[in-house]
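> predicted structure and sequence below. I'll ask about it afterward.
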Amino acid sequence: MPRGVYRRKRVPQLQTFSVEDVLHIDELRHLHEEVVSWRDSLEGTSLQNSNRYQLLGEAASALSGAIDELEGPIDELRHLVGELNFGDMKFEMLKVKGHQSRAERLDGALSLMAEAARTLKDNAETLSKFDEHLDEEQLERLIELCDELEEKAESIQGYIEFPGDV
């Protein structure tokens, strides 16, 4: 580098998300389809009996279980968020740049879900103190669902292994 020229440090950038935009399991479904397709492409080849094929089967099964586990709470939470008009609540997280592995994409989607749940819960608790018109039972259920979603999302993170990411 020429003298007197300094390389600028990259400053991590924040990205803004709305709660409603990240309360879904689309990324998990997409990853599941990718893994199943990859595993299916190995059938009938010499790799069908390989460790990679086995890992893909395990990842597909674990993703399917994660989808089943998260789908109910997310659907109910999305319904409550709509009823309470909380969908436009915003939160910020570090912006991810460049290519991401499957494990990073899964962890990113789960992190967004957990952060959306924390944001909803924090705001619901605050708003309940100032807005007497909010339905107390709905708010309590919202907080329960946020706790459940946050716990489940965090328990799934790092649990599923993808071939090549290990």
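Alright, I've got the coordinates.

> where does the prediction get shaky in this protein?
1-12, 165-166 (pLDDT under 70).

> ranges for the strands of it?
Using DSSP state E, the strands of the chain run over 14-18, 90-94.

> turn those into CSV, including distance to residue 35 and mean neighbour count.
In short, each C-beta sits where N, CA and C put it, glycine included. CSV is the format used below for those (distance: least, Cβ to Cβ, whole Å; neighbours: other Cβ atoms under 10 Å):
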stretch, distance to residue 35, mean neighbour count
strand 14-18, 25, 13
strand 90-94, 25, 14
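
> please tell me how far the closest residue to residue 63 other than its chain neighbours sits from residue 155.
Sequence neighbours aside, residue 32 is the residue nearest to residue 63 in space, at 4.1 Å (criterion: Cβ to Cβ, 6 or more residues apart in numbering). For residue 32, the distance to residue 155 equals 18 Å [Cβ to Cβ, to the nearest Å].

> ok, residue 19 next?
For residue 19, the distance to residue 155 - Cβ to Cβ - is 21 Å.

> the more surrounded of these two?
residue 19 (23 against 12; other Cβ atoms under 10 Å).

> so that one touches residue 87, yeah?
Yes: using Cβ atoms under 8 Å, residue 19 is in contact with residue 87, at 5.9 Å.

> what's the longest helix in the protein?
helix 51-84 (DSSP state H).

> tell me what that helix is packed against?
Packed against helix 51-84 by the contact rule (3 or more Cβ pairs under 8 Å, 6 or more residues apart in numbering; DSSP states H and E) you find helix 19-22, helix 26-42, helix 102-130, helix 136-156.
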